[in-house]
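Peer 1: fold the following for me, if possible:
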Amino acid sequence: MSQWVILVGRLSDLDNASTPHKIMTSRDYLARPALFGGQRPKIINLCRNTAYQSRGYYASLLAGARGHRVIPSVETMIDLSERKLYENALPELEAALAKAYDRHPLPDGPIHVHFGLAPEPRLDRFAKLLFDWFRAPALEVTLEMRDGVRIKRIGFLSIGKMIEAEKRRFLAALERYTAREWRDARSKTPAKYSFATLFDPKEELPPSSVETLRHWSRIAARIGVEVEPITRRDLPRLANFDALFIRETTSLSNHTYRFARRAVQEGMPVIDDPVSMIRCTNKVYLNELMAANGVAVPRSVMIGGKEDLAKAADELGFPMVLKIPDGSFSRGVKKLETMAALQALAGEWLEDSDLLIAQEYMPTRFDWRVGILGGKPLFAVQYHMAKAHWQIINHDAGGRPMEGGFTAFALADAPAHVLDLGLRGARCIGDGLYGVDLKETDRGVFLIEVNDNPNLEHGVEDAAEKDEVWTRLTRWFVDRLERA
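Peer 2: Okay, the predicted model is just below:
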């Protein structure tokens, strides 16, 4: 088991007798990069100052570079540096607070949460949720009443500012947190590594079915990897695994993003990583990114208000395609035939999103999907349009969404110019697993979008390359673990 190391700004911040763990100043930690040799200690950073480029900030930053697990991570420090960076967490947190304070007065001062432990039982769920979002030793939450319970501010709580009674509560939480049993996969199972696969058994259109994940598990076992399915309830035990593969439809506003962030904080390789989620989720961003990098995309017009509709009609003509920024599986994408239809739908969607994107309509019999993993092609498939529909999935058919067929290509047989554009698009995003959607027309090949959470279904995407797809996927994780 790796040792725990507690970093403080001043040695007077924490008495050596109060904890069995090694205590050292951030100055000493930063100055001695080879101190722990090949070990991977778990670092708890209690520095008073976590501002950008402070000594506390650099301690967490370099802990990551040294392969040490650390809380809080620099990502958490950045997230909590400005309210606008953590606003996406507030609705869920405020809903938990509303239940806790239903028919009860708010506390006189801010709430202090230590390692996910609450100061009173009714706040247990809120404290756990807060720690899921922002993994830090001590957090201070300031509340206000404004149309119900609202969070005014979330920030780090310095141990140097704790009164004696609170410091005792903090130390008890520290002891409980560091006493957790950390699973050693090598000693408890014949497998060399254990990978968590996040899935939702009730999802209608999952990126991979349960049967597919079982197939991957069999392939991975040959390489010494155990694959275990987990659900959204398993976030507290994520650190027991070596890697995470997310097989739910991802969103920045739900638990999939929290799982990805937690995996990165734990130093685990993860697909999809948080940065890829952020970059791929928004079609407006993707369109700008690809255009800026010289990747061919359909003619597009950004719509920020009703005043932009005439420009879209003039430049694109009808029919045109209107998209909300964060749709998935062809949802939030509509073909419009008239100006009246454009005005009606844009007016409705602009109530929920400040920006929309309009694109020229490109009718094709199929869409290319090129899978890219680690900067190299993984699979190539043509998805055919759903029957009597212009998209590969018809959500308007009533009942279950209707899908078209597919044709899988061996990579050696896929058109080189299609693979090349897929690679160029994926390189703009990162080094993980991506599904690049392309349209091949008489004018050339155009990138439609890059998916951070592409379908990977046994018998479809692997129909041509067979088990090589799953072997390479497993190796991607293993290679990163062995380089750590």
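Peer 1: what's the pLDDT at residue 389?
Peer 2: Note for residue 389: predicted pLDDT of 69.
Peer 1: try the one 5 residues further on
Peer 2: At residue 394, the model reports a pLDDT of 63.
Peer 1: do residue 310 as well
Peer 2: 96.
Peer 1: can you pull out the low-pLDDT segments for the stretch 51-200 of the chain?
Peer 2: 180-190 (pLDDT under 70).
Peer 1: which stretches of it form strands?
Peer 2: Using DSSP state E, counting those that start in this stretch, the strands of the stretch 51-200 of the chain run over residues 69-71, 111-114, 138-145, 149-156, 193-198.
Peer 1: what's the answer for the stretch 351-484 of the chain, then?
Peer 2: So, for the stretch 351-484 of the chain - with DSSP E, counting those that start in this stretch - the strands run 356-360, 366-373, 376-384, 393-394, 402-403, 406-409, 433-441, 444-451.
Peer 1: strand partners (parallel or antiparallel) of the last one?
Peer 2: By that I understand strand 444-451. Note on strand 444-451: by DSSP bridges, its sheet partners are strand 433-441 (antiparallel).
Peer 1: and the second one, by the same measure?
Peer 2: Here strand 366-373 is paired, per DSSP bridges, with strand 376-384 (antiparallel), strand 433-441 (antiparallel).
Peer 1: how far off centre is the last one?
Peer 2: This points to strand 433-441. Here strand 433-441 is found 21 Å from its chain centre; the criterion is CA atoms, centre = their mean, to the nearest Å.
Peer 1: before we move on, the earlier item: closest to residue 262 out of the strands of the stretch 351-484 of the chain?
Peer 2: Of all these, it is strand 433-441 that lies closest to residue 262, at 18.8 Å by CB to CB. C-betas here are computed from N, CA, C, even on glycine.
Peer 1: buried ones in that closest one?
Peer 2: 433, 434, 435, 436, 437, 438, 439, 440 (16 or more other CB atoms under 10 Å).
Peer 1: returning to that earlier point: looking at the strands of the stretch 351-484 of the chain, which is closest to residue 159?
Peer 2: Closest among these, once you apply CB to CB, is strand 433-441, at 40.3 Å.
Peer 1: and that closest one, C-alpha only, in PDB?
Peer 2: Coordinates of each C-alpha in strand 433-441 appear next as PDB, following Å, rounded to 0.1, in the frame of the first residue of the first chain:
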ATOM      1  CA  LEU A 433     -11.300   7.200 -28.600                       C
ATOM      2  CA  TYR A 434     -13.300   9.200 -31.100                       C
ATOM      3  CA  GLY A 435     -15.900   8.500 -33.800                       C
ATOM      4  CA  VAL A 436     -15.500  11.000 -36.600                       C
ATOM      5  CA  ASP A 437     -18.700  11.400 -38.700                       C
ATOM      6  CA  LEU A 438     -18.100  12.400 -42.400                       C
ATOM      7  CA  LYS A 439     -20.100  13.000 -45.500                       C
ATOM      8  CA  GLU A 440     -18.700  12.100 -48.900                       C
ATOM      9  CA  THR A 441     -20.100  14.300 -51.700                       C
END
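Peer 1: check the average confidence over it, would you?
Peer 2: 96.
Peer 1: what does that strand rub up against?
Peer 2: 271-272, 276, 280, 298, 362, 364, 367-373, 378, 415, 418, 421-422, 425-426, 445-452, 454-456, 473, 476 (CB atoms under 8 Å, 6 or more residues apart in numbering).
Peer 1: rewinding a little: put together a markdown table for the strands of the stretch 51-200 of the chain, with mean neighbour count on each row.
Peer 2: A markdown table is the format used below for the strands of the stretch 51-200 of the chain (neighbours: other CB atoms under 10 Å):
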| stretch | mean neighbour count |
| --- | --- |
| strand 69-71 | 22 |
| strand 111-114 | 24 |
| strand 138-145 | 17 |
| strand 149-156 | 18 |
| strand 193-198 | 22 |
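Peer 1: from the buried residues of strand 433-441, pick the one nearest residue 127.
Peer 2: Of these, the one sitting nearest to residue 127 (CB to CB) turns out to be residue 433, at 34.0 Å.
Peer 1: the closest one pairs with what?
Peer 2: Under the criterion used (DSSP bridges), residue 433 bridges to residue 373.
Peer 1: got a list of what residue 336 touches?
Peer 2: 318, 319, 320, 321, 322, 342, 345.
Peer 1: what's the closest non-adjacent residue to it?
Peer 2: Excluding the flanking residues, the one nearest residue 336 by CB to CB, 6 or more residues apart in numbering is residue 342, at 4.9 Å.
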